[in-house]
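[1] sequence first, predicted coordinates after that:
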Amino acid sequence: MGSVLESFVAGELTKQLGGSQAKPVLHHFRSHGGHEVDLVLEDERGRIVGVEVKASATVHASDLNGLRALAELAGRSWVQGVVLHLGTGSVALGPGLTACPIDTLRA
């Protein structure tokens, strides 16, 4: 189910990016060390937002590993990391990291 959910989120983000003034481009991130982020948005100014998609109602500390690796690599260009999940609540997970329900995309 995870890959189907990732494809859904990628499609929804692609639709929403068309109307964005920031004109972000959608990427995927994988480091040599094996860290991965499902979706990465980068705007014309080089600002980075990472999006991890989880087919689970709960978020675990290990779900943040890829986002943390990307944040470290991006440095000052890092804006935010988001874990989209099947749960109901949003919660701050630390500086620059937030977990939000997938239905947040409709807002």
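    Done, it's in. Residues are numbered from 1 along each chain as shown.

[2] next, find the distance separating R76 from R45.
    Distance check for R76 against R45: by Cβ to Cβ, to the nearest Å, it reads 11 Å. Every residue, glycine included, has its C-beta placed from N, CA and C.

[3] what's the answer for F8, then?
    Noted for F8: a distance of 28 Å to R45, by Cβ to Cβ.

[4] between these two, which one's more packed in?
    Using other Cβ atoms under 10 Å as the criterion, F8 and R45 rank with F8 on top: 14 against 9.

[5] how about whichever strand or helix holds that one: buried residues?
    Per DSSP states H and E: F8 is located in helix 2-17. If you call a residue buried by 16 or more other Cβ atoms under 10 Å, then helix 2-17 has these buried ones: 5-6, 9-10, 13.

[6] between the residues you listed, which is nearest N65?
    Nearest to N65 out of the buried residues of helix 2-17 is E6 (Cβ to Cβ; 16.7 Å).

[7] break down this structure into its helices, ranges please.
    2-17, 65-74 (DSSP state H).

[8] for P101, find the nearest of those.
    Taking these one by one with Cβ to Cβ, helix 2-17 is closest: 11.7 Å.

[9] check which helices and strands that closest one is in contact with.
    Packed against helix 2-17 by the contact rule (3 or more Cβ pairs under 8 Å, 6 or more residues apart in numbering; DSSP states H and E) you find strand 25-30, strand 36-42, strand 48-53.

[10] test my guess that L67 contacts V79.
    No: with contact defined as Cβ atoms under 8 Å, L67 does not count as touching V79 (11.7 Å).

[11] what about those two, which has more around it?
    Each of L67 and V79 has its neighbours counted (other Cβ under 10 Å); L67 has more, 28 against 15.

[12] what's the separation between the more buried one and R106?
    Here the criterion is Cβ to Cβ. By it, L67 lies 22 Å from R106.

[13] same thing with E52?
    Distance, E52 to R106, by Cβ to Cβ: 19 Å.

[14] ok, those two, which is more surrounded?
    A count of neighbours by other Cβ under 10 Å puts E52 above the other of E52 and R106, at 25 against 8.

[15] brilliant, that's me finished.
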